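S.K.: Provide a 3D model corresponding to the input given below.
(one chain, ligands or ions: 1)
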Amino acid sequence: MKTLIVDNPLSIAHHMPEGHPEHAGRYEAVRTALKSVGPLDWAEATPCSTDAVTRFHPPEHVSRVLAAAQAAGTGLVSLDPDTHVCERSAETALAAVGGTCMAVDHVIADRYQAAFIASRPPGHHAEPDRAMGFCLFNMVALGALHALDVHGLERVAIIDIDVHHGNGTQCLAETDERVFFASIHQAPLYPGTGQAHETGLNGNIVNVPMPGGTGSTAWRAALERDVLPALRAFDPQMVFVSAGFDAHADDPVGGFELTDEDFGWVASELGFVARKHASARLVAVLEGGYDCDALGRSAACFVRALSEV
Ligand SMILES: [Zn+2]
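M.R.: Numbers count the residues shown, from 1 in each chain. Predicted structure coming up:
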């Protein structure tokens, strides 16, 4: 699939406290690794309007993030114990959303079949009215709503492969049956949601919790058994991926034992579904991944595989 990288250079302007795992080096590692993948087209993300963010987040949430950034001055304002905002964080998060919507526009216009958004902070923990787990705005939920409400698609799927459950994104599928959401994640682990009995509206949510220590064989088998058939049955018109790489064995936050190649494998599998069911439309958004070397290598494997589907 012809693949576009959407780059959010503002990612380096979003500061966290010293020692925080979600730091600018993550973005730089991904960017450097993706440059080595080969001849891909790159586009620069630009901030979206705050109105675009209110497709998922109520105006009060958007105002809270903007006000926190304004109040930060040369310091940081905390929105929860893990989630902090500096003076440029709101602008950075708006560009992450803008870049995701830009990717959706390109893919629906068939200029590209796949796009990967290289950006931070991550977004999948952000609930409609709550910033949490390093996340301010939920890019993948907003990208899905952009495809549905602006482009008129009727069914989109979001697959979350981050080691943490995408609780924020699940909130969208809980109230919108146009959205299929599947998450494979470690349990027990933050944020504590994503049990198998959380199945949404008419089964449009599939949660696959797995124990710490889960390795390649069990992870791939669970995706083949529980996620891919349900995804095909939903027959999406576009596939989104919350592409977190913290399920890698080297990751200091997650407890799974995946390899670089597992991320290439899942990109191929999801790319095949996108080709067969979704007019070859796939948009992947960077979520977690906290060992910079493993993160860069895994993202490169993912994007290379996507471009070769
Ligand atoms: Zn994560």
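S.K.: my read: His93 touches Phe137, true?
M.R.: Not His; residue 93 is Ala. Yes: here Ala93 lies in contact with Phe137, judged by CB atoms under 8 Å, at a distance of 4.7 Å. Just so you know, the C-beta spots here come from the backbone N, C-alpha and C atoms, and that holds for glycine as well.
S.K.: looking at these two, which one has more neighbours?
M.R.: Counted by other CB atoms under 10 Å, Ala93 and Phe137 do not tie: Ala93 has more neighbours, with 32 against 27.
S.K.: still on that earlier bit, hey, what's in contact with both of Ala93 and Phe137?
M.R.: Common contact partners of Ala93 and Phe137 (CB atoms under 8 Å, 6 or more residues apart in numbering): Val65, Gly123.
S.K.: got the end-to-end distance for stretch 282-297?
M.R.: End-to-end distance of stretch 282-297 (CA to CA, to the nearest Å): 20 Å.
S.K.: let me redo that: stretch 103-123
M.R.: End residues of stretch 103-123 are separated by 16 Å (CA to CA).
S.K.: start the count at 284 instead of 1 going forward.
M.R.: Got it, the first residue is 284 from now on, which makes the last one we talked about stretch 386-406.
S.K.: in it, what counts as buried?
M.R.: 386-387, 389-391, 395-406 (16 or more other CB atoms under 10 Å).
S.K.: can you check stretch 356-367 too?
M.R.: Here stretch 356-367 shows Leu359, Val360, Leu362, Asp365, Thr366, His367 as buried, counting by 16+ other CB under 10 Å.
S.K.: swap in stretch 434-448?
M.R.: Neighbour counts over stretch 434-448 (16+ other CB under 10 Å) mark Leu436, Arg438, Val439, Ala440, Ile441, Ile442, Asp443, Ile444, Asp445, Val446, His447, His448 as buried.
S.K.: alpha carbons only: can I get it in CSV?
M.R.: This file holds the C-alpha atoms of stretch 434-448, laid out as CSV (Å, rounded to 0.1, in the frame of the first residue of the first chain):
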residue,chain,number,x,y,z
HIS,A,434,-16.4,12.0,4.7
GLY,A,435,-19.7,10.1,5.2
LEU,A,436,-18.3,6.6,5.8
GLU,A,437,-20.7,4.3,7.5
ARG,A,438,-18.5,1.8,9.3
VAL,A,439,-14.9,2.2,10.6
ALA,A,440,-12.8,-0.1,12.7
ILE,A,441,-10.1,0.8,15.3
ILE,A,442,-7.6,-1.9,16.4
ASP,A,443,-5.5,-1.1,19.4
ILE,A,444,-2.3,-3.0,19.8
ASP,A,445,-0.7,-0.9,22.6
VAL,A,446,0.0,-3.0,25.7
HIS,A,447,-2.5,-0.8,27.6
HIS,A,448,-6.2,-0.9,27.0
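S.K.: helix, strand, or coil at the closest residue to the ion within the stretch 484-592 of the chain?
M.R.: Residue nearest to the ion within the stretch 484-592 of the chain (CB to the ion): Gly571, separated by 2.8 Å. Under the three-state scheme (DSSP: H, G, I helix; E, B strand; the rest coil), Gly571 adopts coil.
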